[in-house]
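Asker: let me see the structure of the following:
(2 chains)
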Number of protein chains: 2
Amino acid sequence: MKLLLIGFGVVGQGLAEILQNKSAQLEQEQGFAATIVGVVTGSKGSLFHADGLDIADLLAAAQSGSLAEYPEVSGLRRGWSASEMIAAGGADVLVEVSPTNLETAQPALSICHQALEAGLHLVLANKGPVALDYANLRAKAQAKGLRLRYEATVMAGTPTMQLAEEALAGCEIRSARGILNGTTNYMLTQMEDGMSYAEALAQAQALGYAETDPSGDVEGWDAAGKVLILANALFGSSLTMADLDVSGITRISAADMAAARSAGERYKLLAQATPTGGSVKALRLPLIDPLASVAGAANAITLETDLLGDVTLIGAGAGQLETGSAILSDLLAIQRMACPM
Amino acid sequence: MKLLLIGFGVVGQGLAEILQNKSAQLEQEQGFAATIVGVVTGSKGSLFHADGLDIADLLAAAQSGSLAEYPEVSGLRRGWSASEMIAAGGADVLVEVSPTNLETAQPALSICHQALEAGLHLVLANKGPVALDYANLRAKAQAKGLRLRYEATVMAGTPTMQLAEEALAGCEIRSARGILNGTTNYMLTQMEDGMSYAEALAQAQALGYAETDPSGDVEGWDAAGKVLILANALFGSSLTMADLDVSGITRISAADMAAARSAGERYKLLAQATPTGGSVKALRLPLIDPLASVAGAANAITLETDLLGDVTLIGAGAGQLETGSAILSDLLAIQRMACPM
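Answerer: Next up is the predicted model:
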């Protein structure tokens, strides 16, 4: 399986490391072998080789700060754009792991459409295209018999989408509600232990969970992007951000936390999607709700189904290997679904 | 997809009901259509029709107590054995939903081997063959390019096996530990609220969770069968019941429950499987463990992985539609993995 990687930051490098460390095991146990033929980055240059790039050299170059450090070999192309790599042919899957843009989904979205038109399967960790243009991407993929997969966009490698779309394929999913932002869940857990909002935010920033500008997390927008993805994928909705009721955790005080505790409840930033809408809101949950017990930076989702009642999945929501493993999981699924020659 | 059902009790009838109620939706949304061509029961007779049995008539006959009540139609065969139906040809999948026998796995095991030899995929809710002869069944299925699936054997339709074997295919699973018997979890939840063991057992029996002879549940054997299945499927073990350390909940007193509660812990009957062994034991878990919050008859499992850390799945562990939906899920997976003609 030949891969084109658009983006080579934390997630792309996580995938490359996993492919490097697990290649023998993956080949032996799953008959799976993947080669990275192209890498395009925003600021570190780009590399293409039809026969595949050396992963150790690629990781070393990226870690040095520029793909220009990759050693010269015959057949290597430097500086190609994603379009040039797609046009060159030979790749099987476009892996979109560049930074998420929830306003326009660009430049990733155009590249995704080009890739599908050229006959490449599509695997994304980038939430933008799935949140904002799912229906068009899905229709284009189906028309060409290609796979569109995006496990990494919700709960990192914790297999939310595979659970909802494959493992529960025989059930009707009536709603999804979850803790889909680890930064805010970490902060709420710290606030339960007595920290103020400001202290919890400072600690989340010190640990690298929250950005210098934390608004995407604490105001609920990151979780809202995931609500759009769930609404699109599970319910065929065509919601936009403007259709969602979104708030965050910025107004929760120590007094609110204390009141919840004395009522036997916990605040959680709940992301919810139903066939008719979606929201992101801090709500008080009773302790018997499985979501109430999800502590720290973990994520969780409860899918309400017709045949099975509630099914809850709890796991990591971020991290280099955790997200890289979601891409690998999607690549393995593409292979499982392909026919033998 | 043409199905032979061995067994037509709660689970088989649950599957038939789901196929009846969802046939239009399954055909439209998943391109899936299944026909029941044969049903073999232990005490209600058997029916076979190469063109398929009418599901409404089949359910009515079963509910009347005898398949002899099924209306006469041209081409219908009555009283055939499973072997005769397999030999007749035409079926694609053998669905084994007869009662579990954890001592010899018979008579189901012989029928499963015959079915694989005749080229049928195999889907089981019956735990016996998977717990006691997994390696042979797996080898035979692989040699013939057939699917061996058994989602219903652990946590009913809550998709434990799909999570472990497909969604987490890129991860190494290091251990599995779970609450895999709903009856005992229900009893422990009642005992936390102050009931004695005897009262909790009587209530579980009144609700139909526990059998008149409750030893399979309360002494841990039902959960132990699931440990063998997990050990076989996840770790390629060849453990037998004699290799497991099995105890139940029969010795937990009100004083034990109180001691756990005052330490901020809860008793759970934990089923554990690792690459080197397995056990079923009542253990005290801290409340921050996601398994500690699983109340009532629900089941749950935590899979410890290399790339993702702990992944926990919580859901139903029994029930007619819940278990029937596991069979449907396996049938859909067989279809997904098959190649188009």
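Asker: I'd like the average pLDDT over the longest helix seen in chain A.
Answerer: Counting by DSSP state H, the longest helix found in chain A is helix A:10-30. Across helix A:10-30, the average pLDDT comes to 94.
Asker: check the offset of it from the chain's centre.
Answerer: With CA atoms, centre = their mean, to the nearest Å as the basis, the distance from the averaged C-alpha position of helix A:10-30 to the chain average is 18 Å.
Asker: quick one, what contacts A:Ala204?
Answerer: By CB atoms under 8 Å, 6 or more residues apart in numbering or on different chains, the contact set of A:Ala204 is A:183, A:186-187, A:190, A:210, A:214. Backbone N, C-alpha and C define where each C-beta goes, glycine included.
Asker: quick check: the farthest pair among those?
Answerer: Longest distance between any two of these is 13.8 Å, between A:Gln190 and A:Pro214; criterion CB to CB.
Asker: circling back: what's the longest helix of chain A in contact with?
Answerer: Helix A:10-30 is touched from outside by A:5, A:8, A:32-34, A:36, A:39, A:55-56, A:58-59, A:62-63, A:95, A:97, A:125, A:152, A:319-325, A:327-328, A:332, A:335, B:169-170, B:172, B:307, with contacts defined as CB under 8 Å, 6+ apart.
Asker: return the set of buried residues in it.
Answerer: Along helix A:10-30, these residues count as buried under the neighbour rule (16 or more other CB atoms under 10 Å in any protein chain shown): A:10-19, A:22, A:26.
Asker: okay, these in JSON lines with distance to A:Ile249 next?
Answerer: Conversion of the buried residues of helix A:10-30 to JSON lines gives the following (distance: CB to CB, whole Å):
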{"residue": "A:Val10", "distance to A:Ile249": "24"}
{"residue": "A:Val11", "distance to A:Ile249": "25"}
{"residue": "A:Gly12", "distance to A:Ile249": "30"}
{"residue": "A:Gln13", "distance to A:Ile249": "30"}
{"residue": "A:Gly14", "distance to A:Ile249": "28"}
{"residue": "A:Leu15", "distance to A:Ile249": "31"}
{"residue": "A:Ala16", "distance to A:Ile249": "34"}
{"residue": "A:Glu17", "distance to A:Ile249": "33"}
{"residue": "A:Ile18", "distance to A:Ile249": "33"}
{"residue": "A:Leu19", "distance to A:Ile249": "37"}
{"residue": "A:Lys22", "distance to A:Ile249": "37"}
{"residue": "A:Leu26", "distance to A:Ile249": "40"}
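Asker: ok, so of those residues, who is nearest A:Gly194?
Answerer: For these, with A:Gly194 as the reference and CB to CB as the criterion, the closest is A:Val10, at 31.8 Å.
Asker: are any of the contacts of helix A:10-30 buried, and if so which?
Answerer: With burial judged by 16+ other CB under 10 Å, the buried subset of the contacts of helix A:10-30 is A:5, A:8, A:32, A:34, A:36, A:39, A:55, A:58-59, A:62, A:95, A:97, A:125, A:152, A:319-325, A:327-328, A:332, A:335, B:169-170, B:307.
Asker: only C-alpha atoms, please: export stretch A:100-107 in CSV.
Answerer: Below are the C-alpha coordinates for stretch A:100-107, written out as CSV (Å, rounded to 0.1, in the frame of the first residue of the first chain):
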residue,chain,number,x,y,z
THR,A,100,-7.4,21.3,11.1
ASN,A,101,-9.1,24.4,9.7
LEU,A,102,-12.8,24.4,10.9
GLU,A,103,-13.6,27.6,8.9
THR,A,104,-12.9,26.5,5.3
ALA,A,105,-11.2,23.1,5.6
GLN,A,106,-8.7,24.4,3.1
PRO,A,107,-6.1,23.8,1.7
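Asker: per-residue confidence averaged over that stretch?
Answerer: The predicted model assigns stretch A:100-107 a mean pLDDT of 95.
Asker: how about residues contacting that stretch?
Answerer: With contacts defined as CB under 8 Å, 6+ apart, stretch A:100-107 is touched by A:98, A:108, A:126-129, A:131-133, A:221, A:224-225, A:241.
Asker: and if you look at stretch A:155-162?
Answerer: Contacts of stretch A:155-162 with the rest of the structure, by CB under 8 Å, 6+ apart, involve A:149-151, A:153-154, A:178, A:180, A:233, A:299-301, A:313-319, A:321-326, A:329, A:333, B:162-163, B:166-168, B:171, B:307-308, B:311.
Asker: now A:Gly178: how far from chain B?
Answerer: From A:Gly178 across to chain B, the span is 13 Å (CB to the nearest CB, to the nearest Å).
Asker: give me the three-state assignment for that residue.
Answerer: Secondary structure assignment for A:Gly178 (DSSP: H, G, I helix; E, B strand; the rest coil): strand.
Asker: show me what contacts it?
Answerer: A:Gly178 makes contact with A:155, A:270-272, A:291, A:299-302, according to CB under 8 Å, 6+ apart.
Asker: check which helix or strand A:Tyr134 maps to.
Answerer: Taking DSSP states H and E as the criterion, the element that holds A:Tyr134 is helix A:127-143.
Asker: does the next helix-or-strand element following that helix reach chain B?
Answerer: On the C-terminal side of helix A:127-143, the closest following helix or strand by DSSP H and E is strand A:148-149. No - figure legend: strand A:148-149 not in contact with chain B (CB under 8 Å from any CB of the partner chain); closest approach 11.8 Å.
Asker: so which elements touch strand A:148-149?
Answerer: In this structure, strand A:148-149 packs against strand A:121-124, helix A:127-143, helix A:320-337, with contacts taken as 3 or more CB pairs under 8 Å, 6 or more residues apart in numbering or on different chains; DSSP states H and E.
Asker: buried residues, stretch A:241-259. List them.
Answerer: Applying 16+ other CB under 10 Å to stretch A:241-259 flags A:241, A:243-244, A:246, A:248-249, A:252, A:257 as buried.
Asker: confirm for me that A:Ala223 is in contact with A:Asn181.
Answerer: Yes - the criterion here is CB atoms under 8 Å, and A:Ala223 meets it with A:Asn181 at 4.5 Å.
Asker: interface residues of the stretch 51-200 of chain A facing chain B?
Answerer: Residues of the stretch 51-200 of chain A lying close to chain B by CB under 8 Å from any CB are A:156-159, A:162-163, A:166-172.
Asker: drop anything exposed from the residues you listed.
Answerer: Using 16+ other CB under 10 Å as the threshold, A:156-159, A:162-163, A:166-171 are the buried ones among these.
Asker: format these as CSV; extra columns: secondary structure and pLDDT.
Answerer: As requested, those are arranged in CSV below (DSSP: H, G, I helix; E, B strand; the rest coil; pLDDT from 0 to 100):
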residue, secondary structure, pLDDT
A:Ala156, coil, 92
A:Gly157, coil, 92
A:Thr158, coil, 96
A:Pro159, coil, 96
A:Gln162, helix, 94
A:Leu163, helix, 95
A:Glu166, helix, 89
A:Ala167, helix, 91
A:Leu168, coil, 93
A:Ala169, coil, 87
A:Gly170, coil, 88
A:Cys171, coil, 93
